[in-house]
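# after the sequence you'll find the predicted model.
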Amino acid sequence: GEDVEQSLFLSVREGDSSVINCTYTDSSSTYLYWYKQEPGAGLQLLTYIFSNMDMKQDQRLTVLLNKKDKHLSLRIADTQTGDSAIYFCAETPSSGGYNKLIFGAGTRLAVHP
Amino acid sequence: DVKVTQSSRYLVKRTGEKVFLECVQDMDHENMFWYRQDPGLGLRLIYFSYDVKMKEKGDIPEGYSVSREKKERFSLILESASTNQTSMYLCASSEGGSSGNTIYFGEGSWLTVV
């Protein structure tokens, strides 16, 4: 079945780069997403990558996709305290349709001075 | 801006009560979803709807039902609340069709069942 896995915690120093990793099982996934959830809030779409791409950059965010290993990563350059949040990786399974997403458990990013 | 509004942010209900969670979106989206979020488990899909009066079960539909009488409104119903339904509930919507359309989330409803 479909599954998305990510580590639960990451702690980084302010100004350093953060790399959040994710693995997924459905090799036919068409889109892979990164969502951010700040405390007490809903999920905000950060970025997404189409499965025929291997990299996407958007300001401080870089998404890398390794289809062979089914590995997705999100790199945040110059991490700030405002980046502290839970980051969810999600895929659209090939059997889904209707935009259903399969989410990972979320990685809690803590940024310290 | 797309807005998905969940009417109740925090609720406390007693075991056995009937609970309604309401969600409204203002972008004329065809698809609407209800997820529940639990620590360490991420988001799990309860039900989704791709059109008025249409619904499909997600991964964890047991103990829940839904209603979509109007396109903009999608309600989640707990017929008889139980303590294991204490959770954060997230509503979402997207344009119709298959994958690739951005899914927009509401702010979430924290439900505590005592």
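Great, that's in hand. Residues are numbered from 1 along each chain as shown, chains lettered A, B, ... in the order given.

# any regions of chain A where pLDDT drops low?
Within chain A, the segments meeting pLDDT under 70 span A:1-2, A:94-99.

# give me every residue in chain B lying close to chain A.
B:4, B:31, B:33, B:35, B:40-45, B:48, B:50, B:56, B:58, B:90, B:92, B:94, B:97-108 (CB under 8 Å from any CB of the partner chain). In this view, the C-beta of every residue, glycine as well, is placed from N, C-alpha and C.

# can you map out the strands along the chain?
Went with chain A since none was named. Per DSSP state E, chain A carries strands over the ranges A:4-6, A:9-13, A:18-24, A:31-37, A:43-50, A:55-58, A:61-66, A:71-76, A:85-91, A:102-103, A:107-112.

# correction: the question concerned chain B.
Using DSSP E, strands in chain B cover B:4-6, B:10-13, B:19-25, B:31-38, B:42-51, B:54-57, B:65-70, B:73-78, B:87-94, B:104-105, B:109-113.

# between the strands of chain A, which one is nearest to B:Gly63?
Closest approach to B:Gly63 among these is made by strand A:102-103 (20.1 Å; CB to CB).

# same for the closest one, what does it pack against?
strand A:85-91, strand B:42-51 (3 or more CB pairs under 8 Å, 6 or more residues apart in numbering or on different chains; DSSP states H and E).

# list of residues touching it?
A:2-4, A:24, A:26, A:35, A:88-93, A:96, B:35, B:42-44 (CB atoms under 8 Å, 6 or more residues apart in numbering or on different chains).

# may I see the PyMOL selection of the buried members of the residues you listed?
Entered in PyMOL, the line below selects the buried ones among these, by 16 or more other CB atoms under 10 Å in any protein chain shown:
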select buried, (chain A and resi 2+4+24+26+35+88+89+90+91+92+93+96) or (chain B and resi 35+42+43)
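
# now do the contacts for B:Arg36.
With CB under 8 Å, 6+ apart, B:Arg36 has these contacts: B:43-44, B:46, B:60, B:87-90.

# looking at those residues, which is nearest A:Lys56?
Of those, the one sitting nearest to A:Lys56 (CB to CB) turns out to be B:Leu43, at 22.5 Å.

# identify the bridge partners of the closest one.
B:Gln37 (DSSP bridges).

# so it touches B:Tyr89, yeah?
No. Distance between B:Leu43 and B:Tyr89: 10.1 Å, which falls outside the contact criterion (CB atoms under 8 Å).

# good, we can wrap up now.
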